[in-house]
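1. the following comprises the amino acid sequence and a computationally predicted model.
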Amino acid sequence: MINAMLRREWLLLWRRPQDMLQPITLLLLLILVFPMALDLTQFSLPSLGWPVLLNAVLLSLLLGMEQLFAEDQRTGYLDQVRMSYGLYAYVLIKLVCHWLRVWLPLVVVLPLVIFFYQMPLSALPVLLLALSLASAAVVVFAAFAAALTLGLARAGMLMALLVLPLLVPVLVFAAATGQAVLMVEPWQGAILWLAAITCLAWSLLPWAISSVLELANH
Amino acid sequence: MWQWFHKWGSAKWFYQASAAWSRVFGYFALLFLTLGLVWGFVFAPADYQMNHNYRIMYLHVPSAMLAQITYLLIAILGLVNLVWKIKITPILARAVLPFGASCVLLALLSGAFWGRPTWGTYWIWDARLTSTLFLFFLYMGLWACYSLLPASMGRNSAYKAAAIVAIVGSVNIPIIKFSVEWWNTLHQPASIRLTQRPAMPASMYLPLFASIIGFYCLMVYLMLKRARLLLLEDELHKAWVKEVEPKLVGGS
């Protein structure tokens, strides 16, 4: 049963490449539009790249996840899963697959950000690790909001209102990691905090998401 | 014991009993707030460093405390609703929400006017200040849940979903509480603790305690007052409403 669900998500991923390309185009645009509004003689680009990337990831992932469960609910798949296997496994598989879907393009975007914002290439491995942890946390929180707002028109606003305050610690520790790496200071403390938050979110929130989906489909 | 426990399942019993409770808490709130604020603002001695500026403490400390306690209360009421399914708990949570949100605003505003003369600025991006500001948005998100979710999932499911949101959001409370100890901030750590003698004379902390008790009573008073109205709104077409408030149903 887990195999069947995984296979389904995998096929959906490759048969609709636009689902993967749209958020990443938005992400790239956000990152590239930002320096247009800045007076580049006054701000240093290398110190701006990482915070801009984090905020753009936050927004683009959030906007891209509005419809995460909507189609499964429309087609009745969600009801079938609920009646047969229970929702927890479904939520977990959905989350892992969606995270992979957003993580793969991020791996491509990060070197571009480093290039455009003139950051040192030596920072890449740690930044990639921090970006992976942060995006995983964003995905699970945004999925919680998507489950809550399932069936509401214009869910995006409410999702942002619910999720952004909760993601502040993720943003703070991810930003602190990047800042430390770029200043060539010890970064391990901040990234451990980030990893702790991500682990906590991934261990508790899928349970909350499946109970909210349960409520929404009764 | 169990009989006492089961009474809370009855909306009619709550509606009738809470009229007297809310009156009692209302009078206590009036008494303690007048006592604490008049004593604090007029009669308490001036501080040797901050002079009269510190007096805003009698508004700032209770409102900041209650802002956190109210959110915690909403999360606990949510947990009680999820576990024991007591019908009145989500209504109490919904009723106390505007009080909590107002307390955050009052704490931020009074803090800004206290910060200006003592720190030289209304606002800094400090851990305590920013986490309190985000608490306000947590309240707003919860409020949006109560008002929007019933349309998509029905009222009872929406109450349970909002309870889950409140429990998830309550992770922010320890961050606010301990932010002044974990990070280096301008904001000072708490001067009064339950386990230690306060770091100020009795003529300063007694009015503060009176004001804090007043704020607690005000919270209970406003919560009960609003819960009674929300209960009537939710159960307008039930038989007990017709029995207890015949004019309300007959008129419409």
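-> That came through fine.

2. surely B:Leu70 meets B:Leu218?
-> That one is not Leu; residue B:70 is Thr. No - the criterion here is C-beta atoms under 8 Å, and B:Thr70 misses it with B:Leu218 at 10.9 Å. All C-beta spots, glycine's among them, are computed from the backbone N, C-alpha and C.

3. okay, and the common contacts of those two?
-> Shared contacts of B:Thr70 and B:Leu218, defined by C-beta atoms under 8 Å, 6 or more residues apart in numbering or on different chains, comprise B:Phe99.

4. can you list contacts of stretch B:208-224?
-> B:18, B:21-22, B:25-26, B:28-29, B:31-37, B:39-40, B:57-59, B:61-63, B:65-66, B:69-70, B:92, B:95-96, B:98-99, B:103, B:192.

5. ditto for stretch A:87-99
-> Stretch A:87-99 is contacted by residues A:1-2, A:5-6, A:9-10, A:13, A:65, A:68-69, A:78, A:81, A:135-136, A:139-140, A:143, A:202, A:206-207, A:209-210, A:213-214 when judged by C-beta under 8 Å, 6+ apart.

6. dihedrals phi and psi, A:Leu164?
-> Main-chain torsions, A:Leu164, degrees, to the nearest 10: phi -60, psi -40.

7. okay, now it: neighbour count?
-> As a burial measure, A:Leu164 scores 19 neighbours (other C-beta atoms under 10 Å in any protein chain shown).

8. and it, what does it touch?
-> A:58, A:62, B:137.

9. quick check: it vs A:Asn55, distance?
-> A:Leu164 sits 10 Å away from A:Asn55, going by C-beta to C-beta, to the nearest Å.

10. and A:Arg15, by the same measure?
-> Distance from A:Arg15 to A:Asn55, by C-beta to C-beta: 31 Å.

11. and what of B:Phe134?
-> Using C-beta to C-beta, we find B:Phe134 at a distance of 15 Å from A:Asn55.

12. and those two? Which one has more around it.
-> B:Phe134 (21 against 15).

13. wait, doesn't that one sit right on A:Leu171?
-> No - using C-beta under 8 Å, B:Phe134 makes no contact with A:Leu171, being 10.8 Å away.

14. need the three-state assignment for the residue in chain A sticking out farthest from the centre.
-> Going by C-alpha atoms, centre = their mean, the residue of chain A most distant from its centre is A:Thr41, 32.3 Å out. What DSSP: H, G, I helix; E, B strand; the rest coil gives for A:Thr41 is coil.

15. for it, phi and psi?
-> Dihedral angles (degrees, to the nearest 10) for A:Thr41: phi -80, psi -20.

16. B:Asp47 too?
-> Residue torsions, per degrees, to the nearest 10, at B:Asp47 are phi -80, psi 150.

17. what is the neighbour count of it?
-> 14.

18. got the contact list for the nearest residue to it once chain neighbours are set aside?
-> Take B:Asp47 and drop its neighbours on the chain: the residue closest to it by C-beta to C-beta, 6 or more residues apart in numbering or on different chains is B:Tyr54, 4.2 Å away. Going by C-beta under 8 Å, 6+ apart, B:Tyr54 touches B:46-47, B:114.
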